[in-house]
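Enquirer: Quick check, what structure comes out for this input:
(one chain, ligands or ions: 1)
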Amino acid sequence: MRLWIKTPLGGMPDGAGGGLVVEDAIIAAFVPAGGQPDAPVDETFDASAHVVLPGLINTHHHFYQTLTRAYRPAIDKKLFDWLVALYPVWARLTDAEFRVACRLALAELLLSGCTTAADHHYVFPPGLGHAIDIEMEEAQALGLRAVLCRGSMDLSTDDGGLPPPSVVQKIDTILADGERLAARWHQTGPGAMTQLALAPCSPFSVTADLMRETAKQAERLGLHMHTHLAETEDENEFCLACFGKRPLDYLEDLGWLTDRTWFAHGIHFTPSEMQRMGKAGIGVAHCPSSNMILGSGICAVGALEAAGVAVGLAVDGSASNDGSNMMQELRQGLLLQRAGGGITAATSRDPIRWATQGSARCLGRDDLGAIELGKQADLALFKLDELRFSGADDPVAALITCGAHRADRVMVAGVWRVIDGAIPGMDLPALLASHDTAARKLRQEI
Ligand SMILES: [Zn+2]
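Expert: Below is the predicted model:
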């Protein structure tokens with residue numbers, strides 16, 4: 001199957017004004033402006049009204065949190081107080097509510113141009129034993145690539161941690177589930193659709209033993225590792241008080257400074273810590289909206305990249321964003337860097353790079369994140385036919401500065417998963433109704 005995506009309005013590499021040819025799941029050829037494909041095609045898609053971007057790659061999320069958006073007791077609180085307000089609600093999660101939360105989050109991501117979604121799920125109350133399997137099934141059903149992080153917590157309030165005992169697990173249970181999930185879901189090589197990463201939640205909810213054993217298990221199984229790090233000053237103070245060291249030093253001692261690691265947030269690092277991270281090949285999932293809503297600070301994206309750290313972009317969980325719109329996050333990323341560092345802090349093209357190449361590096365995926373020959377045909381196509389774009393000159397910059405938030409077409413592995421701004425076969429009103437019911441059930445209103 002060969003498809004010619006013909007004469008896009010913008011987003012093509014130099015010399016490819018005539019578009020690109022997708023063959024099966026791969027970007028197989030470029031077409032010069034005014035030219036024709038070098039070999040016959042089966043189909044042609046007229047993209048003259050579309051700006052084409054590499055499919056967006058979300059590097060950090062918590063799908064289940066779509067059920068606790070704008071939760072009254074957590075509004076206007078900073079991270080630790082916000083978590084304490086929400087843990088008891090999350091402790092009531094069951095498979096049924098969790099599944100509908102995942103479906104909604106994945107649909108929202110896909111419709112915003114996201115083609116690869118990383119999720120970090122770390123809450124395992126008694127009613128939710130197979131959370132990662134459910135996430136994988138839902139991602140497969142929608143056709144997104146999934147890099148799902150088997151999260152974990154084993155340090156409850158009983159032992160000096162932040163979460164209540166009802167949402168933590170024993171270390172043996174966590175490691176055994178990681179082993180099972182890797183065998184069931186982790187694909188390797190170009191084009192992998194489902195991958196597993198291991199992801200203890202944070203220094204204030206996980207024991208040193210679990211961090212260390214996870215690093216060993218990840219190395220043995222060849223998996224990436226993920227955790228929240230340097231999100232707030234409170235976390236620095238917690239680590240100094242409990243471990244006598246800063247978060248990065250703590251993790252280095254536990255075997256985490258490898259090129260298979262990416263951190264969520266990464267705001268409060270010193271310049272020398274950034275250098276160490278760059279040398280180790282670590283990535284950072286930058287979450288601008290979440291950082292702004294929780295007042296956590298501004299990630300030093302430019303300094304991290306200058307130090308060699310891969311910076312990806314992410315929406316973070318939907319109780320601290322509170323949306324899961326990946327395209328919208330690009331604009332937020334630009335605005336936050338400019339607000340913190342002035343006009344030279346980022347260009348209007350930089351957020352696209354963070355959300356594609358940078359995110360792909362975080363996840364260790366050299367087959368994704370660029371419109372290049374041989375890469376996976378993961379593409380997000382945006383139209384500029386809304387009021388907000390009217391009068392725009394540069395079509396690519398317009399996506400960021402005018403605020404694109406809805407893809408018209410999305411392709412994953414050569415297959416259209418969004419057509420005319422909708423997911424074929426998905427009953428969106430039914431999904432919204434069941435999601436609303438699940439959220440109200442979690443809030444104990446029904
Ligand atoms: Zn998070």
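Enquirer: Could you tell me which residues of the chain lie near the ion?
Expert: Within the chain, the residues that sit near the ion (C-beta under 5 Å from the ion) are 264, 316-317. Glycine gets a C-beta too; all of them are placed from N, C-alpha and C.
Enquirer: of the residues you listed, closest to residue 387?
Expert: Nearest to residue 387 among the residues of the chain next to the ion, counting by C-beta to C-beta, is residue 316 at 28.7 Å.
Enquirer: doesn't residue 58 make contact with that closest one?
Expert: No. Using C-beta atoms under 8 Å, residue 316 is not in contact with residue 58; the gap is 9.2 Å.
Enquirer: Output the residue ranges of the helices in the stretch 101-250 of the chain, listed in chain order.
Expert: Remark: helices assigned in the stretch 101-250 of the chain by DSSP state H, counting those that start in this stretch are 131-142, 171-185, 208-221, 233-243, 247-253.
Enquirer: Which residues belonging to the longest one are considered buried?
Expert: When burial is assessed from 16 or more other C-beta atoms under 10 Å, helix 171-185 yields the following buried residues: 171, 174-175, 177-178, 181-182, 185.
Enquirer: and what of stretch 222-232?
Expert: By neighbour count on 16+ other C-beta under 10 Å, the buried set for stretch 222-232 is 223-232.
Enquirer: and which of these is nearest residue 41?
Expert: Looking across the buried residues of stretch 222-232 and measuring by C-beta to C-beta, the closest to residue 41 is residue 224, at 36.5 Å.
Enquirer: Just list the residues touching the closest residue to the closest one other than its chain neighbours, thanks.
Expert: Take residue 224 and drop its neighbours on the chain: the residue closest to it by C-beta to C-beta, 6 or more residues apart in numbering is residue 197, 4.2 Å away. Counting by C-beta atoms under 8 Å, 6 or more residues apart in numbering, residue 197 makes contact with 118, 147-150, 218, 223-226.
Enquirer: got a pLDDT number for residue 197?
Expert: At residue 197, the pLDDT value in this model is 98.
Enquirer: Return the set of residues that bridge with it.
Expert: Taking DSSP bridges, one finds residue 149, residue 224 as the beta-bridge partners of residue 197.
Enquirer: Can you tell me how far it is from the ion?
Expert: 14 Å (C-beta to the ion, to the nearest Å).
Enquirer: how close does that residue sit to residue 284?
Expert: 15 Å (C-beta to C-beta, to the nearest Å).
Enquirer: Sort out for me which of the buried residues of stretch 222-232 are in strands.
Expert: Among the buried residues of stretch 222-232, the members found in strands (DSSP state E) are 224-229.
Enquirer: For the ion, state which of those is nearest.
Expert: Nearest to the ion among these is residue 228, at 5.5 Å by C-beta to the ion.
Enquirer: Check whether that closest one really touches residue 201, as I assumed.
Expert: Yes. Contact criterion C-beta under 8 Å: residue 228 and residue 201 qualify, at 6.5 Å.
Enquirer: Look up the residues that both of these two are in contact with.
Expert: In contact with both residue 228 and residue 201: residue 120, using C-beta under 8 Å, 6+ apart.
Enquirer: What are the boundaries of the helices in the stretch 251-400 of the chain?
Expert: 271-280, 288-293, 301-306, 326-341, 350-353, 359-362, 395-398.
Enquirer: which one of the ones you listed lies closest to residue 44?
Expert: helix 395-398 (20.8 Å).
Enquirer: Just list the residues touching the closest residue to residue 88 other than its chain neighbours, thanks.
Expert: In space, and not counting its chain neighbours, residue 88 is closest to residue 164: 6.6 Å by C-beta to C-beta, 6+ apart. Applying C-beta under 8 Å, 6+ apart to residue 164 gives the contacts 87-88, 91, 156-157.
Enquirer: that older thread, got the buried residues of stretch 222-232 as TSV, with pLDDT columns?
Expert: Converted to TSV, the buried residues of stretch 222-232 look like this (pLDDT from 0 to 100):
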residue	pLDDT
223	98
224	98
225	98
226	98
227	97
228	95
229	95
230	94
231	93
232	91
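Enquirer: From these, pick the one nearest residue 114.
Expert: Once C-beta to C-beta is applied, the member of those that ends up nearest residue 114 is residue 226, at 17.3 Å.
Enquirer: Excluding sequence neighbours, find me the nearest residue to that closest one.
Expert: Residue 226 sits nearest to residue 199 (C-beta to C-beta, 6+ apart), 4.1 Å away.
Enquirer: Over to residue 255?
Expert: residue 215 (3.6 Å).
Enquirer: How many residues are close by the one you found?
Expert: Neighbour count of residue 215, defined by other C-beta atoms under 10 Å: 21.
Enquirer: do the same with residue 252
Expert: 16.
Enquirer: how close does the nearest residue to it once chain neighbours are set aside get to the ion?
Expert: Leaving aside its chain neighbours, residue 252 sits nearest to residue 276 (7.5 Å; criterion: C-beta to C-beta, 6+ apart). To the ion, residue 276 is 23 Å away according to C-beta to the ion.
Enquirer: Surely residue 276 is in contact with residue 248?
Expert: Yes. When contacts are counted by C-beta under 8 Å, residue 276 is listed as touching residue 248 (7.0 Å).
Enquirer: Looking at those two, which has the bigger crowd around it?
Expert: Counted by other C-beta under 10 Å, residue 276 and residue 248 do not tie: residue 248 has more neighbours, with 26 against 17.
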